[in-house]
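Asks: when you get a sec, could you give me coordinates for this:
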Amino acid sequence: MIWLAFRRHRTNLLIAAGLTVVLSIWMALVGHWYDTAPETAYRVAGDAVEHYRNLYQGTTIFRLPYQIDAINLLLLAFPCVLGVLLGVPLVAAELDDRTNRLAWTQRISRTRWLTTKWWVVGLPLVVLSVILTLVAQWWSHHVGASGIGAILGPGLFSGSGRMQPEVFSVTGIVPIAYTVFAFSLGAALGALLRRVTWSIVGALLMYAAVSLVMVTTIRPNLAPQAFVPFSSNGGSFSTLTVSSGGGAPWYLGSGYQFVDGSDHPGHMSAAQVGLTCEKENPILPTGYIACLSHNHVQEGEFYQLATNYWSIQWRESLIYVATAAVLLVTGLVLVRRWRA
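Replies: Below is the predicted model of the structure:
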């Protein structure tokens, strides 16, 4: 059964391995070209001279910043691509080609049939994901977000910016959990929809939706947030001290918080108090500030500290792996209940 499962899916496994190797080699080459890019000196002030790497050489489309941007985007999408490529055909291809009718009339049970395919395809998938994650870890610290799309400038992908969503999602252990989740999602949808094309489209859309919810809603709350009040001089941003020792924090947005940092039972939340003060004092800022002070509320910014990087990595990975387990069981139930 193991050999048969491998023969059935070896083409997809070879494609996945080839894509992983090609992307890893591309990253290594770009890293080498980045290291050997010629430096240009320019005078900044007085006799001071600074040097920077001239990355904008050669044909436009092959310039390093464009290649770096492309690799950064591929790293974000790769777990989904690998997972869906190998997960959807597990059941959907059999049902689409109707080869399941022969397989399920043999002595082997449907449970063993599907679990064997899980291990034969899933284990190589995890190995490929680990390899790519290790290469991405080197890439994120070595090359960084030096492409034209880096909104926070050089160093975004360095250790000081590892909490930023673009970096967090391609480093640590979460890419492996993403891959396992995409694999189980594709397998479950394949058993449900019974068509390879529909299952691929559905898996891609659902993966994107889950990723969006994770980044915008769940991940910011997987660890205690830091709150930095606005300074009193006209509402300018306070100097960030919350990131000491842990690198740059992840900015989550502005909002309100009670002075003691906790909600008041039986009363409005800090956000409700802040909105009420805004409505009651739309013109006079002094009245707005007095209203906040009277209700012991302060306005400021929320951050997720870089020191919480690994705790959030483990918690987010656990969420994805647990969801993947539920999806795999769901796919197994669908296979066992399948009727022609």
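Asks: use CA for all of it now, contacts and neighbours both
Replies: OK.
Asks: residue 130 touches residue 176, doesn't it?
Replies: Yes: between residue 130 and residue 176 there is a contact at 6.4 Å, judged by C-alpha atoms under 8 Å.
Asks: which stretches of the protein form strands?
Replies: Ranges of strands within the chain are 39-45, 48-53, 226-229, 250-258, 297-304, based on DSSP state E.
Asks: pull the number of nearby residues for residue 273.
Replies: Neighbour count for residue 273, taken as other C-alpha atoms under 10 Å: 20.
Asks: show me the contacts for it.
Replies: Contacts for residue 273 were tallied using C-alpha atoms under 8 Å, 6 or more residues apart in numbering; they are 292, 295, 297.
Asks: okay if I get those as TSV plus pLDDT, neighbour count and distance to residue 256?
Replies: Shown next, in TSV, are the contacts of residue 273 (pLDDT from 0 to 100; neighbours: other C-alpha atoms under 10 Å; distance: C-alpha to C-alpha, whole Å):
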residue	pLDDT	neighbour count	distance to residue 256
292	81	24	9
295	80	14	11
297	85	22	7
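Asks: between those, which is nearest residue 183?
Replies: residue 297 (46.2 Å; C-alpha to C-alpha).
Asks: quickly list what that closest one is bridged to.
Replies: When bridges are called by DSSP bridges, residue 297 pairs up with residue 258.
Asks: so it touches residue 274, yeah?
Replies: Yes: contact status for residue 297 versus residue 274: in contact at 7.3 Å, counting by C-alpha under 8 Å.
Asks: now the common contact residues for these two.
Replies: With C-alpha under 8 Å, 6+ apart, residue 297 and residue 274 have common neighbours residue 256.
Asks: and the gap between residue 291 and residue 95?
Replies: Distance, residue 291 to residue 95, by C-alpha to C-alpha, to the nearest Å: 65 Å.
Asks: how about residue 273?
Replies: 57 Å.
Asks: domain-wise, how is this structure divided?
Replies: 2-43+97-222+311-336, 226-304 (automatic domain parsing).
Asks: with distance to residue 83 added, can I get those domains in CSV?
Replies: Below are those laid out as CSV (distance: least, C-alpha to C-alpha, whole Å):
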stretch, distance to residue 83
domain 2-43+97-222+311-336, 4
domain 226-304, 28
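Asks: buried deepest among the ones you listed, which one?
Replies: domain 2-43+97-222+311-336 (a mean of 18; mean count of other C-alpha atoms under 10 Å).
Asks: and it, how far out from the chain middle?
Replies: 10 Å (C-alpha atoms, centre = their mean, to the nearest Å).
Asks: for stretch 281-291, list the C-alpha coordinates in CSV.
Replies: Extracted in CSV, the C-alpha atoms of stretch 281-291 (Å, rounded to 0.1, in the frame of the first residue of the first chain):
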residue,chain,number,x,y,z
ASN,A,281,-16.1,67.5,22.3
PRO,A,282,-15.7,67.5,18.5
ILE,A,283,-14.1,70.9,18.4
LEU,A,284,-12.4,71.8,21.7
PRO,A,285,-9.4,69.5,22.3
THR,A,286,-9.2,70.7,25.8
GLY,A,287,-12.7,69.4,26.6
TYR,A,288,-11.8,66.1,25.0
ILE,A,289,-8.6,65.7,27.1
ALA,A,290,-10.5,66.8,30.3
CYS,A,291,-13.2,64.2,29.5
